[in-house]
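J.: coordinates only, sequence not included:
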């Protein structure tokens, strides 16, 4: 069958990427695209790269416009999804690319986001422990934060296997500015970012921190332990439109061997196509996953520093957001998991 | 007086930057520029931006050509400086931009570089504890490694003040490819680096690690302790020609207050012009120091992660190499320390 | 049926892109990948983004290895294809991504390339006048030069319609460095290209000039005239891994109206999916076609300057090379022309 | 003596660059910095790279605040300078970095800018014919448009020497986004520009066109002819923070020799330090002039295309704006012309 789809926030970066991927999905008909201030414009004005959708016009983002589709994607600023929940009660599948339904802790929501807390939906990262099972048949899915899923995928196997200490994680991420959305802010201007590396949200304030803590705690719980997850998290915007290169490390657990460590990741991802552990001594580049739904991981065991280091490359708009949403959609609908998605990046 | 200068390795990036800065130095006459395979070429072929030096021709890098100047800068590949040492015995001041004379430990040299070990020269980072005093009147100076000095300057005050634990340092650096030199390697091609973040030397193998350990151990020793310095070090090449953005963190020492922590850095750098601590909540960008001899630091105290995070921005070719060399030269010669150097970056 | 394919030059940029596109082509089995100095390496060492082909090993590029496939792609340096022609006499379809079989004029070959002249093959740009018809059933295809096809597609409709004067064409192109191949040259190093715009082959020396002249002369001839084609051609490498943004202009022919001019392009490309004329007043960006087989054109009629200006955006590795090769292959084989190709770019 | 200076628009890119250069000028005291919506902020919030000026606070841009200085720089959006003219009647030297006082033709102003026409001031490009003489002792100076001065300097010698035909000029420029100012526009966001080449103002609409026509007409008039200047002008934003790489061409005048052509430029710029003609066969890159007040030109004579091609590299914020302003200031004040300015670029 063909599913009818509405995509809200269709003039933004996340919405655009959802559309790009859906346009290549044989089971999907993109019926409706909506926007807020850009409503009324041809989609092609805001997404000139989506040639196959150039006939579409942006409609206003209202409950009425979004209702009546098989699937609705919400790609709205944080805090705005909730207002559509009731109106979409009859929609078989709703996928939120925003943060509103990611966190299970109201306290964490209050501390990092503020505003009304919404009930958590199924988390859209199939490769995390229990992730795929929860997504099967799901009707409400929260796509992950791009940085959060990158770091969670990087370290969950080590937490689940008990080979790293999650109480002293350090993650530093080189990220492209598309992750911040199509926002008119001075610090996102090209002249500010070209030729420069610009840190932001330094010192424990980034909103993806509780999401990582939640995912890694769940990974430990699924392994029978309740870990104390603490993370020093420093994102740095670098001059590439897309991509996340996350260097994450944690202390080596006492007494574990190198083989045990490496096996933790190998056993977790050995059968996955979209999360791949590179051979020993190899580390990924963000170009290797550009446009692809692939997370590539490289693993180093640094006994001198007593840390396991995982370097992960993800396209923030694909595996970090839109690809994760569509992969999750495929699972929820019982379709082949890789439909509409590619594993090969666009490089150079 | 005017000092006559010879610069070897003048067709490379470090040599070119030494020349750019010296060309603005009123007490210096650039008499001789030398190169290896490019000898015989006009300097302007390899350094077309150095318009004021376009009349110079590259001579061969030989002891004979380098001898007879007041000052000689060696900007050669690692391991090649030693062959010139004897021939330059009569040269009043020799400054090596390579690694040959940086390390005090023959074991560390053997492990990370290999080949003949050379005696250590005075280390060219004036703002480290004891650094300026050692440079006064020095005749042999080892300019620092760019990544090493960036991380050492980031954390030395905390080690010296005893407010961080140096045994679990984590440093992740976004670096521009000029730090790797003008080397014909596939991984340094523009198409490989544009639009991508590319890690290298992951897992404890980077050659700057022992240099950092040495500097931080010295900072502790100068404060009366002998710290155990361990560092997880991950450099990531990002698409900017120059610059280092180093995010370094270490556990907060037991019982110290936020004020004590911040005061460690403030007291160390409050009187420095080339190493500046930004106001609380502000963090530097590499563009802010482009072309300048300035290291800018931002400090965060993350009690949730129990880590002090220092973000440092440095131009790898200036404060990281050539500027450090010339600042050290000025001190050695008794000239004003900032002569020929700028504190303002070229941004945007 | 499934066609077996061998790709030579598989460790390079053109070869890698041919593989990326073929990997998504349902009728193709990539049987063999070959290289010269990299033979013996896993393909994944040189093309780490091609995850679905990570099991392949590079074999040596020899006639024996290439023979015996349904289709062979030659992605070799210019001048090297000829040596395989005889050995591949029995191969049903050979597509050369190099220049050896593009030019019909031995004089032009001698002037711009030198060395042995080879017979011209069918030119792989279906949207040029007569292009598609020639490709139907072809067994030997010369994929175009990326800059050449971009400029030819930009101006051919105007020449064929007689609305521009081809004797005073000016084309200036902003191009990414991947167009120069994975070559170890100083001017292709990242530090040389990041943050800079670097012209090359200025003043009439670029090898794509005769290819453009040939294509535009043919466009005129197909329209019953034999135009005198002269072109001032200036390429500028800019800091993006891929992409061509060509600004081409030519004098407006005497007496033609704006409507006649615009209709020249509209009628040529109105039914094409891979070459699209944007609405009046809109101009393309290279990001809009990244990874796509699409050439986007914007047209301006500047009566003050008496010139028609066409701005074209092309991904040099796709529509400029590998996509053109596969689109041509599809036509030659009688497959749907867009199989394995996308029209939507990867932006931002 | 030391001149007191006020800089308006000090939180923007042009204002920031004026400040960076003035901070290195020994005869200048930066007394006052002003802004519009950012008034009240520390300058360091908006110009964090200007460490030596970090003590300054932005005052409101009002006639009262600007009055009473020896020199005032206006770095305001186009159309806003006029309101300060009367209030600054007593200021010995006013330099406008905006367009308000550049054009001599009210018609051109009306067509390309609109709004009130203001009287032309002395044009701040000393190297144009008659430029330096007009600036000596000037009290009101209009700094040039960055693209305009780049193209005018590229072609004026050829017009003045009568070796090119100015009625069919074609200029295509690769430009960095800082030339568009610190404006919150979607098309200036980093994610839109990274990895892409983006044309704008195609087809004869760019505001710098009449400024070029005016300068080249003057160059011809100074040589005794009144040329008909027509120009096809296409700017393309490319992913570099600063820089202009202008490829300009014009038909070769009938009967002139290559030597006559080259001599036109050589005689015009042979004695200039800030505008340099490169040796035959060499062409400049924008990195070669980054941060410098230098315009580098490369000249090709393409007899096949019958065009002289001039490729020029300029830092849009220095020689294109702020450096031109300060060079002009030096001339007006009778100071050494190069004071506070550098000829060497910051590369790589």
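T.: Happy to help now that I have it. None of the values given here were measured: they were computed from a predicted structure.
J.: the helices in chain A, which residues?
T.: Taking DSSP state H to define them, one finds helices in chain A at A:13-22, A:43-46, A:63-66, A:82-85, A:106-112, A:131-135, A:146-161, A:190-193, A:209-222, A:258-269, A:323-333.
J.: Looking at the ones you listed, spot the one closest to chain B.
T.: helix A:190-193 (4.0 Å; Cβ to the nearest Cβ). The way it works is simple: take the backbone N, C-alpha and C, and place the C-beta from them, glycine included.
J.: Could you list the residues in contact with the helix or strand bottoming out on mean pLDDT in chain A?
T.: Using mean pLDDT, DSSP states H and E, helix A:82-85 stands out as the lowest-scoring helix or strand of chain A, at a mean of 86. With contact meaning Cβ atoms under 8 Å, 6 or more residues apart in numbering or on different chains, helix A:82-85 is reached by A:8, A:63, A:66, A:72, A:74, A:94, A:100, A:116, A:118.
J.: What of stretch A:259-274?
T.: For stretch A:259-274, the external contacting residues (Cβ under 8 Å, 6+ apart) are A:126-127, A:129, A:156-158, A:160-161, A:163-164, A:252, A:275-277, A:280, A:293-295, A:297, A:299, A:301, A:308, A:310, A:319, A:323, A:327, A:338, A:341, A:343, C:51.
J.: can you check stretch A:277-285 too?
T.: By Cβ under 8 Å, 6+ apart, stretch A:277-285 touches A:245, A:262, A:265-266, A:269-270, A:296-300, A:311-313, A:347, B:192, B:196-200, B:202, C:48.
J.: Select only the buried ones of the residues you listed in PyMOL?
T.: This is how PyMOL selects the buried members of these, with burial counted by 16 or more other Cβ atoms under 10 Å in any protein chain shown:
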select buried, (chain A and resi 245+262+265+269+296+297+298+299+300+311+312+313+347) or (chain B and resi 192+196+197+198+199+202) or (chain C and resi 48)
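J.: hmm, back to that, from the contacts of helix A:82-85, list just the buried residues.
T.: By neighbour count, with 16+ other Cβ under 10 Å, these hold A:8, A:66, A:72, A:74, A:94, A:100, A:118 as buried.
J.: Take those residues and keep only those in strands.
T.: A:72, A:74, A:94 (DSSP state E).
J.: Output the residues you listed as TSV; include the columns distance to chain C.
T.: Listed next are those as TSV, based on distance: Cβ to the nearest Cβ, whole Å:
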residue	distance to chain C
A:72	21
A:74	20
A:94	25
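J.: of the buried ones among the contacts of helix A:82-85, list those near chain D.
T.: When contact is defined as Cβ under 8 Å from any Cβ of the partner chain, those do not meet chain D at all.
J.: Pick the one among the residues you listed closest to chain D.
T.: Chain D has its nearest neighbour among the buried ones among the contacts of helix A:82-85 in residue A:8, at 18.7 Å by Cβ to the nearest Cβ.
J.: residues in the stretch 201-348 of chain A within reach of chain C, list them.
T.: Looking at chain C, the residues of the stretch 201-348 of chain A close enough under Cβ under 8 Å from any Cβ are A:241-242, A:273, A:276, A:278, A:282, A:284-285, A:287-292, A:294, A:296, A:342-348.
J.: Show the contacting residues for residue A:207.
T.: Taking Cβ under 8 Å, 6+ apart as the test, what residue A:207 contacts is A:78, A:99, A:112-113, A:145, A:201.
J.: And the buried ones among those, selectable in ChimeraX?
T.: The ChimeraX command for the buried members of these (criterion: 16+ other Cβ under 10 Å) is given here:
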select /A:99,112,113,145,201
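J.: Out of the helices of chain A, the one nearest residue A:228 is which?
T.: Shortest separation from residue A:228 across the helices of chain A is recorded for helix A:209-222, at 8.6 Å, computed as Cβ to Cβ.
J.: What are the buried residues along the closest one?
T.: For helix A:209-222, by 16+ other Cβ under 10 Å, it's A:209-220.
J.: What is that helix packed up against?
T.: Counting contacts by 3 or more Cβ pairs under 8 Å, 6 or more residues apart in numbering or on different chains; DSSP states H and E, helix A:209-222 is packed against helix A:106-112, helix A:146-161, strand A:231-237.
J.: In CSV, list these along with mean pLDDT and distance to residue C:39.
T.: Formatted as CSV, the helices and strands packed on helix A:209-222 follow (pLDDT from 0 to 100; distance: least, Cβ to Cβ, whole Å):
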stretch, mean pLDDT, distance to residue C:39
helix A:106-112, 95, 53
helix A:146-161, 98, 34
strand A:231-237, 98, 39
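J.: Need these in CSV (columns: distance to residue A:172).
T.: Converted to CSV, these look like this (distance: least, Cβ to Cβ, whole Å):
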stretch, distance to residue A:172
helix A:106-112, 19
helix A:146-161, 10
strand A:231-237, 5
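J.: export those to JSON lines and tack on distance to chain B?
T.: Below are the helices and strands packed on helix A:209-222 laid out as JSON lines (distance: least, Cβ to the nearest Cβ, whole Å):
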{"stretch": "helix A:106-112", "distance to chain B": "10"}
{"stretch": "helix A:146-161", "distance to chain B": "12"}
{"stretch": "strand A:231-237", "distance to chain B": "4"}
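J.: Taking the centroid of chain A, which residue is nearest it?
T.: Nearest residue to the geometric centre of chain A (Cα atoms, centre = their mean): residue A:320, 2.8 Å.
J.: From residue C:171, how far off is that residue?
T.: Per Cβ to Cβ, to the nearest Å, residue A:320 is found 39 Å from residue C:171.
J.: and the stretch 151-300 of chain A, which residues reach chain D?
T.: Taking Cβ under 8 Å from any Cβ as the contact definition, the stretch 151-300 of chain A meets chain D at A:176-178, A:182-186, A:188-196, A:237, A:239-242.
J.: Inside strands: which ones of those residues?
T.: residue A:237.
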